[in-house]
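# whatever this is, show me its structure:
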Amino acid sequence: MKMRSLLRSLLGRRGADELGGTHVSTRRHIVLGGCGRSGTTLARVILDSHPGICCGPESGVFLSEPLDPARLQEKFKLDPARLRAAYDASRSRAEFIDRFADLCCEASGKARWAEKTPRNVLHLQFLFDRFPAARFVHLLRDGRDVVCSLRTHPRHKVVDGKLVPLHTWRPMEECATRWRDSLLAVKPWLSDPRVHTVRYEELVGDPRATIATLLAFLGEPWDERVLAHDAAESKFRDATTFPQNPEALRPIEQKALRRWERDLSADDRAVFKRIAGDLLIEQGYAADSSW
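Below you'll find the model as predicted:
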């Protein structure tokens, strides 16, 4: 904690409302988002395994919270002085994002930057206003499976370098509302050619075809290394990067599909149907409400 306080003193902290400006980027950044527990972390490590794409941990730079360079330096292990220089030289959040992307690409030795934060899905207007050439990858998963996972997330926290169980248990109303709101946020953008939806079920069911389609959308060449993300080396991957999602570093598996059939009680199902049942049907995950 002393080191974090020192870094904050060195780098400073400035609210998003203090970073005005009119910077409009021409960069083709890749931005990932969707409801948490929908496969965003898996997609992030797959893309980071591509030799032309770097995708580190969640930065939150597209969100509305104040930018925190000290936190970014800690998470991405970037040079503090260079990060401060990039921050001080930026006249807007969007301009800082471009400079931050450059630092990440330089550190990883890759040409294109990708950013994964699930809540990016709630900030698409800002994204396309300031980054009209960006590509947004929307991760979608059966909401019934999502709420099963959200309910117990996070499962661990890191204490002195070790994983400690948390025994999280969230209300079903909260979990179903989060899936619903994430989907409602992206719905107006689904027909935009800069947006591509990756369904979790297709990603784990037929990874080669699904990733090939994704890379074609991004304008990136196919590379076999994306099918071996669990064995890839990365500037932005170590044992402390995935305390909540250790499964993202394992080979792709399908055991989490349709877990709702065994995990959701009758009461749970009734709550989900009331909050998000129509969207479940609309997205083709259920034929009607009789499930």
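# only C-alpha atoms for contact and neighbour calcs from this point on.
OK.
# give me the neighbour count for Lys255.
8 (other Cα atoms under 10 Å).
# let's have the chain start at 430 instead
Okay, residue one is now 430; in that scheme the one you just asked about reads as Lys684.
# give me the pLDDT value at it.
As predicted, Lys684 sits at a pLDDT of 83.
# ditto for Thr670
With respect to pLDDT, Thr670 scores 53.
# now the one 4 residues further on
Reading off the per-residue confidence, Asn674 sits at a pLDDT of 60.
# repeat for the one 4 residues further on
pLDDT recorded at Leu678 is 65.
# now Glu711
In this model, Glu711 is scored at 98, pLDDT.
# residues touching it, list them.
Contacts for Glu711 (Cα atoms under 8 Å, 6 or more residues apart in numbering) come out as none.
# ok, now Ile475?
Val655, Leu656, His658.
# tell me which helix or strand in this structure has the weakest average pLDDT.
helix 431-440 (a mean of 43; mean pLDDT, DSSP states H and E).
# following that one, which helix or strand shows up next?
Downstream of helix 431-440, the first helix or strand assigned by DSSP states H and E is strand 459-462.
# quick one: name whatever helix or strand follows that next one.
helix 469-477.
# quick one: that next one to chain centroid distance?
Relative to the mean C-alpha coordinate of its chain, helix 469-477 is positioned 8 Å out (Cα atoms, centre = their mean, to the nearest Å).
# with stretch 687-702 instead?
25 Å.
# stretch 464-480 too?
7 Å.
# which of the three states applies to Glu544?
Following DSSP: H, G, I helix; E, B strand; the rest coil, we place Glu544 in the strand state.
# what bridges to the closest residue to it other than its chain neighbours?
Among residues not flanking Glu544 along the chain, Val460 sits closest, at 4.9 Å (Cα to Cα, 6 or more residues apart in numbering). Val460 has these beta-bridge partners by DSSP bridges: Glu544, Phe565.
# I figured Val460 hits Pro547, correct?
No - counting by Cα atoms under 8 Å, Val460 stays clear of Pro547, with 9.6 Å between them.
# returning to that earlier point: between the contacts of Ile475, which has the most around it?
Going by other Cα under 10 Å, His658 tops those with 24 neighbours.
# so it makes contact with Pro680?
Yes - contact status for His658 versus Pro680: in contact at 7.4 Å, counting by Cα under 8 Å.
# from His567, how far off is the closest residue in space to Val453 that isn't next to it in sequence?
Nearest non-adjacent residue to Val453, counting by Cα to Cα, 6+ apart: Arg559, 4.6 Å away. Distance of Arg559 to His567, given as Cα to Cα, to the nearest Å: 18 Å.
# who's more crowded, those two?
Applying other Cα under 10 Å to Arg559 and His567 shows that His567 carries more neighbours, namely 25 against 19.
# in terms of pLDDT, where does the more buried one sit?
The confidence metric pLDDT takes the value 98 at His567.
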